[in-house]
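Visitor: Sequence plus the predicted model coming up.
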Amino acid sequence: MTTRREFLVLACGAASITAATAVKAQIDPNQQALRKAAMQEALRKVVGDVPVRRGRVKLELPPLVDNGNAVPLAVRVESPMTSADYVKAIHVFTEKNPLPGVVSVYLGPRAGRAGIATRIRIADSQTVTAIAQLSDGSFWSDSAEVVVTLSACLEEGLI
Amino acid sequence: MARAVVSLPAQAKRGEIIEIKTMAAHAMETGFRRTQLGELIPRDIIRRFVCAYNGAEIFRVDLHPAVAANPLIAFTTVATESGTIAFQWVGDNGYAVTETTSIRVE
């Protein structure tokens, strides 16, 4: 026969195991798939049917991040930045943030160098992609893997 | 409190590429966070940043909730002529800040 004490021990054990697994799976797979689809959709909106090639873009992100609330990000694009050949726009996307878009930068030959530096939020360990649109209409991209210990967006407000 | 800081050289040689760093004081509330009572905190972000050199737009950024609080934006431009460089941040709930600096080009 199960005593009250045994029952409590078992119940608490079971509860803690479910809690542990809940913490581990920060974003459930269903939502993950949805967010991936949202990123593809956002990408298609920017790029259309033009193929995106790898290269020319350099995305600088720390590979391991303690705090996902402010992650330094820098994008540099190889371009002469003359009025005939320049970078029109730079877009940054994430695959697991609640919204795929991070920043869209519009620049021109007057920038001198094609690049931007900012700080972003990262919700989970994931791949971040930067896409540059050149004046000739071609798209170039670079991706970086980031591992986050403390995620942004998941913590509760203090109000 | 709407405040912004801009850092760029006061003078430059003609044709020189100068670096501009800007930062606006803003919480960039994502709209995905909840209070401890489970209520969604409404979104309140800066949506757009524009930089104009002597009235001509040279740089524009669309920001999304994934940009960290107190958004820092660093970029470059070519010093073409003396004049003013204006920076403008526009956001939710009527947030609008303008900052103007002058530059001397030799």
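Guide: Noted; the coordinates are in hand. Numbering: from 1, shown residues only, chains lettered A, B, ... in the order given.

Visitor: Centroid-nearest residue for chain B?
Guide: In chain B, the centroid-proximal residue (CA atoms, centre = their mean) is B:F49; its distance is 4.7 Å.

Visitor: Just give the nearest non-adjacent residue to it, would you?
Guide: Closest residue in space to B:F49, ignoring its immediate chain neighbours: B:V61 at 4.4 Å, by CB to CB, 6 or more residues apart in numbering or on different chains. Heads up, the C-betas are built off the backbone N, CA and C, glycines and all.

Visitor: ditto for A:T94
Guide: Distances taken as CB to CB, 6+ apart place A:V128 nearest to A:T94, at 5.3 Å, with adjacent residues excluded.

Visitor: ok, so what distance separates that neighbour from A:V147?
Guide: Per CB to CB, to the nearest Å, A:V128 is found 12 Å from A:V147.

Visitor: Kindly report the same for B:R60.
Guide: Distance from B:R60 to A:V147, by CB to CB: 32 Å.

Visitor: Which one of these two is surrounded by more residues?
Guide: Looking at B:R60 and A:V147 with other CB atoms under 10 Å in any protein chain shown, you find the greater number of neighbours at B:R60, namely 17 against 13.

Visitor: Secondary structure element holding the closest residue to that one other than its chain neighbours?
Guide: Closest residue to B:R60 apart from its sequence neighbours, by CB to CB, 6+ apart: A:Y106 at 4.4 Å. Assigned by DSSP states H and E, A:Y106 falls within strand A:101-107.

Visitor: do the same with A:L43
Guide: In the assignment (DSSP H and E), A:L43 maps to helix A:29-47.

Visitor: Pull the residues that contact stretch A:76-90.
Guide: Defining contact as CB atoms under 8 Å, 6 or more residues apart in numbering or on different chains, one finds that stretch A:76-90 is touched by A:56-58, A:60, A:75, A:103-109, A:111-116, A:130-136, A:140.

Visitor: In chain A, mark out all the strands, start to finish.
Guide: Remark: strands assigned in chain A by DSSP state E are A:52-54, A:57-60, A:64-67, A:71-77, A:87-94, A:101-107, A:114-120, A:126-134, A:139-150.

Visitor: so how far is the shortest one off the chain centroid?
Guide: What that stands for is strand A:52-54. Chain-centre distance of strand A:52-54: 18 Å, with CA atoms, centre = their mean, to the nearest Å.

Visitor: What strands line up against that strand, and which way round?
Guide: As defined by DSSP bridges, the strand partners of strand A:52-54 come to strand A:139-150 (parallel).

Visitor: Next, the angle strand A:114-120 makes with the partner strand.
Guide: Here the directions of strand A:139-150 and strand A:114-120 differ by 20 degrees (axes from the mean of the first three to the mean of the last three CA atoms, to 10 degrees).

Visitor: Which positions in strand A:139-150 come out as buried?
Guide: A:139-142, A:144, A:146, A:148 (16 or more other CB atoms under 10 Å in any protein chain shown).

Visitor: Same list (these) but as CSV, adding pLDDT.
Guide: Below are the buried residues of strand A:139-150 laid out as CSV (pLDDT from 0 to 100):
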residue, pLDDT
A:F139, 92
A:W140, 92
A:S141, 91
A:D142, 93
A:A144, 92
A:V146, 92
A:V148, 89
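
Visitor: which one of these sits closest to A:D66?
Guide: The nearest member of those to A:D66, counting by CB to CB, is A:V148 at 8.2 Å.
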